[in-house]
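Participant: Structure for this input, please:
(4 chains)
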Protein chains: 2
Amino acid sequence: MLTIGKLATATGVKVPTIRYYEQIGLLGEAERTAGNQRRYSAAHRDRLAFIRHARELGFSVPDIAELLRLSAHPDHPCADVERIVRDQRRAVRDRIARLTRLEAELARMEGVCSGGSVADCSVLHALGDHSQCSGAH
Amino acid sequence: MLTIGKLATATGVKVPTIRYYEQIGLLGEAERTAGNQRRYSAAHRDRLAFIRHARELGFSVPDIAELLRLSAHPDHPCADVERIVRDQRRAVRDRIARLTRLEAELARMEGVCSGGSVADCSVLHALGDHSQCSGAH
DNA sequence: CGTATTCTCTCTAGCGACTAGAGGTTCAAG
DNA sequence: CTTGAACCTCTAGTCGCTAGAGAGAATACG
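Facilitator: Okay, the predicted model is just below:
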């Protein structure tokens, strides 16, 4: 049986976050001591590790809730799981593409403004005048 | 003089967002009609276009406030502007790197789980067991 | 001039995923 | 048995908006 603090260090999830996960129903309620403190089982620890890993991969809380729900039904076909992963991967790829365009534009901005004063700063000019942008956003 | 709606369509910033920007002091207050409706000048429109563009580039509201503050002092040296851009570019690059690692891991997960049932789904297994991950995150 | 429609006003509350702090209680070590 | 760390609940704050209620203003048309 783990205290909430031990569970936090074991999983790398902060104590208030664990309580928050309980509050929103993502992590089941723990047993309590006579003095009302939470005590966690190994099952809780595994579930929280799963949650943390999924969060690091960018899955939303509702997505994680569904993944957990699916994993609780071993007979369920795998397709639903794969769909969630595929959607998440597409979302990540989209974000990468978007950020890459931004990076290019920022790179173009950086360097043009060297040593002058703000009055003729190309960066500020570029920010004010959208038409200088290469790609759409 | 533009109504808030015209300003919204002119800049692509939604009406409630414009009012929000005024509220937090990013966009100065507009003149008002006798009936208390906002009327905007071309200067407001330019400033809002600047804000929108900067937001699209991922600058935070405090960053934008500083950029606007700097641009209001034409004698100010350019270095501060460049620092903000450089920091933002670095942040974007970091995010791209992080997302690229995630994408790789998601790609690895996708495909392994083909047709089976959840009981032996590698995806769920991978999520539960962090040790399978290639890179750190 | 009347009316109908569209726009605008203020205000409050909500989103996601936590995080911070106040003020009080319980546990474990020495 | 005392100390001090860890724990409890609760409220409120973060960021950048977004949504909705209920009411007033502006404009187009007949």
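Participant: A:R39: what secondary structure?
Facilitator: What DSSP: H, G, I helix; E, B strand; the rest coil gives for A:R39 is strand.
Participant: swap in A:P16?
Facilitator: Under three-state DSSP, A:P16 comes out as helix.
Participant: What count of nearby residues applies to it?
Facilitator: 10 (other CB atoms under 10 Å in any protein chain shown). Any C-beta I mention is one placed from the backbone N, CA and C, and that applies to glycine too.
Participant: mind listing what it touches?
Facilitator: For A:P16, no contacting residues are found, by CB atoms under 8 Å, 6 or more residues apart in numbering or on different chains.
Participant: so what's A:R90 scoring on pLDDT?
Facilitator: In this prediction, A:R90 carries a pLDDT score of 90.
Participant: A:E110 now?
Facilitator: 77.
Participant: So it is in contact with B:R89, correct?
Facilitator: Yes - contact criterion CB atoms under 8 Å: A:E110 and B:R89 qualify, at 6.0 Å.
Participant: Which of the two has more residues huddled nearby?
Facilitator: Ranked by neighbour count (other CB under 10 Å), A:E110 and B:R89 place B:R89 first, with 20 against 15.
Participant: Point out the other elements, helices or strands, that the helix or strand harbouring that one touches.
Facilitator: Using DSSP states H and E, B:R89 sits in helix B:79-109. Applying 3 or more CB pairs under 8 Å, 6 or more residues apart in numbering or on different chains; DSSP states H and E, one finds that helix B:79-109 contacts helix A:79-109, helix A:122-128, helix B:61-71, helix B:122-128.
Participant: Just put those in CSV and tack on distance to B:L26.
Facilitator: What follows is the helices and strands packed on helix B:79-109, written out as CSV (distance: least, CB to CB, whole Å):
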stretch, distance to B:L26
helix A:79-109, 20
helix A:122-128, 14
helix B:61-71, 6
helix B:122-128, 40
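Participant: Which of these sits closest to A:E22?
Facilitator: Comparison of those against A:E22 by CB to CB identifies helix B:122-128 as nearest, at 19.2 Å.
Participant: averaged over its residues, what pLDDT does that closest one have?
Facilitator: Helix B:122-128 comes out at a mean pLDDT of 68.
Participant: repeat for stretch A:23-33
Facilitator: 95.
Participant: Does it reach chain B?
Facilitator: No - Stretch A:23-33 lies out of reach of chain B by CB under 8 Å from any CB of the partner chain, never closer than 13.8 Å.
Participant: contacts for that stretch?
Facilitator: So stretch A:23-33 is contacted by A:1, A:4, A:18, A:21-22, A:38-41, A:44, A:47-48, A:51, A:61, A:64-65, A:68 (CB under 8 Å, 6+ apart).
Participant: quick one: that stretch near DNA strand C?
Facilitator: Yes - Stretch A:23-33 lies within reach of DNA strand C by CB under 7 Å from any atom of the strand, at A:T33.
Participant: Buried residues, that stretch. List them.
Facilitator: By 16 or more other CB atoms under 10 Å in any protein chain shown, the buried positions in stretch A:23-33 come out as A:L26, A:L27, A:A30.
Participant: before we move on, what about stretch A:73-80?
Facilitator: Buried-residue list, stretch A:73-80, by 16+ other CB under 10 Å: A:H76, A:C78.
Participant: quick one: terminal-to-terminal distance for it?
Facilitator: Across stretch A:73-80, the terminal residues are separated by 12 Å (CA to CA, to the nearest Å).
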